[in-house]
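[1] Could you work out the structure for the sequence below:
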Amino acid sequence: MKIYQKRSIQKLPISVEKAWDFLSDPKNLKTITPDYMGFEILSGADRSMYPGQIIQYIVTPILGIKTKWVTEITHVKEGAYFVDEQRFGPYALWHHKHFIKPIEGGTEMEDIIDYKVPFGILGQCVHPFLVKPKLKEIFEYREKKLIELFGEFK
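    Okay, here's the model as predicted:
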């Protein structure tokens, strides 16, 4: 069983409070997700984030195939981190940690995603040219969108 990891760090010229308010609101996920992903929240985003929260989405990750994705917010420390885990969706495992911390001149956000692709050895074979580049592309989009929204860290 091969488990992959994606790490991403971005610095923004905003306060931790402003970063937390934006990042911890599930409704904002659509804003920082590429339009071609067809991201749509079905339920669970009507309250502030809390442990045990179940959020249901529709996404179109590859080849125009719509997929239901269900995540649970498993841990929350307000202003510092939260964790979402896939309960149903396109991955065999998805564990996503979101950390934010104050730095000189703004906030640093760090994402650590541990994931496993489905379909055993076949999934591992397509990972390098399908899944890994798609995740990279999604996070690059998110980084650009956050710069549009909050400015570039200098």
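[2] Please enumerate the helices of the chain.
    In the chain, the helices defined using DSSP state H lie at 16-23, 120-126, 132-150.
[3] For residue 1, report the pLDDT, please.
    Residue-level confidence at residue 1 comes out at 74, pLDDT.
[4] how about the nearest residue to it, chain neighbours excluded?
    The shortest distance from residue 1 to any residue that is not its chain neighbour, by C-beta to C-beta, 6 or more residues apart in numbering, is 6.6 Å, and that residue is residue 116. For every residue, glycine as well, the C-beta is placed using N, CA and C.
[5] got it, and residue 31?
    Nearest residue to residue 31, sequence neighbours excluded (C-beta to C-beta, 6+ apart): residue 145, at 6.7 Å.
[6] List the contacts of the residue nearest to residue 1.
    Contacts of residue 116 were listed using C-beta atoms under 8 Å, 6 or more residues apart in numbering, and they are 1-4, 91-93.
[7] Go through the residues you listed and say which is closest to residue 30.
    residue 91 (19.6 Å; C-beta to C-beta).
[8] Would you report the backbone torsion angles of the closest one?
    The phi/psi pair for residue 91 (degrees, to the nearest 10) reads phi -100, psi 150.
[9] Please save the CA atoms from stretch 80-96 in CSV.
    Coordinates of the C-alpha atoms in stretch 80-96 are reproduced here as CSV (Å, rounded to 0.1, in the frame of the first residue of the first chain):
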residue,chain,number,x,y,z
ALA,A,80,-4.1,27.4,14.2
TYR,A,81,-5.2,24.3,12.3
PHE,A,82,-7.9,22.0,11.1
VAL,A,83,-8.0,18.5,9.6
ASP,A,84,-10.3,17.1,7.0
GLU,A,85,-10.6,13.4,6.1
GLN,A,86,-12.4,11.9,3.2
ARG,A,87,-15.2,9.5,4.2
PHE,A,88,-16.3,8.8,0.6
GLY,A,89,-14.8,9.9,-2.7
PRO,A,90,-12.1,9.6,-5.3
TYR,A,91,-9.2,8.6,-3.1
ALA,A,92,-8.6,5.4,-1.2
LEU,A,93,-7.2,7.7,1.6
TRP,A,94,-7.3,11.4,2.0
HIS,A,95,-6.1,13.1,5.2
HIS,A,96,-5.5,16.9,4.8
